[in-house]
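Visitor: coords please:
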Amino acid sequence: MCKPKGSASSIHRKPLAVNMADKKDTKFRHVIWPSLLAIGLLASFVLLFDEDKYPPMIITPIIASVLSPLLGKITKSGNLKEHAFGVTLVCIPTSAFWIFGPNYFSIMLPFLVWIWQCASWPNKEHPPFRYGIWHGFGITASMFPGALLVQALV
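Guide: Alright, predicted model coming up:
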């Protein structure tokens, strides 16, 4: 039996201290842009339309799905169709959960998943579909705090 050789030389190892804190651009692109999109859409719906006739918590994720190629372009996520499909996969079911009013599935679940994604996903490169899922959860997690912010300001 051969003994395994020691670990790989330092030339062949990836840098160990690469995380979201070290990549400011990644943090800005994949965390802040989806949140700004959600809060901006929500604020515009509250200011421009009747909240009783057009519920912003239901319409915002649908419009965010339509605008997801723009978000994919801004965040340099790759293939825009795959990115849009990932965003839509998260936003449309969340919009459906908001039909029943505020509940765990429309408020807390997207927030917890998004926090987990923000903590673990920046350490690797992902396909556009996965970035779309990350952005979709960022949009849906930011809607409720955004609604509270808009309510306080208006």
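
Visitor: let me see the mean pLDDT of the helix ranked longest in the chain.
Guide: Scanning the chain for the helix with the most residues, using DSSP state H, yields helix 128-153. Taken as a whole, helix 128-153 carries a mean pLDDT of 92.

Visitor: helices or strands next to that helix in the packing?
Guide: Packed against helix 128-153 by the contact rule (3 or more C-beta pairs under 8 Å, 6 or more residues apart in numbering; DSSP states H and E) you find helix 33-48, helix 56-66, helix 68-74, helix 80-98, helix 108-120. C-beta: built from backbone N, CA, C; applies to glycine.

Visitor: could I get these as TSV with mean pLDDT and distance to F129?
Guide: Below are those laid out as TSV (pLDDT from 0 to 100; distance: least, C-beta to C-beta, whole Å):
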stretch	mean pLDDT	distance to F129
helix 33-48	92	15
helix 56-66	94	14
helix 68-74	91	11
helix 80-98	93	4
helix 108-120	90	13
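
Visitor: reformat these as a markdown table; add distance to A141 and mean neighbour count.
Guide: Converted to a markdown table, the helices and strands packed on helix 128-153 look like this (distance: least, C-beta to C-beta, whole Å; neighbours: other C-beta atoms under 10 Å):
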| stretch | distance to A141 | mean neighbour count |
| --- | --- | --- |
| helix 33-48 | 8 | 19 |
| helix 56-66 | 11 | 21 |
| helix 68-74 | 15 | 19 |
| helix 80-98 | 9 | 21 |
| helix 108-120 | 4 | 16 |
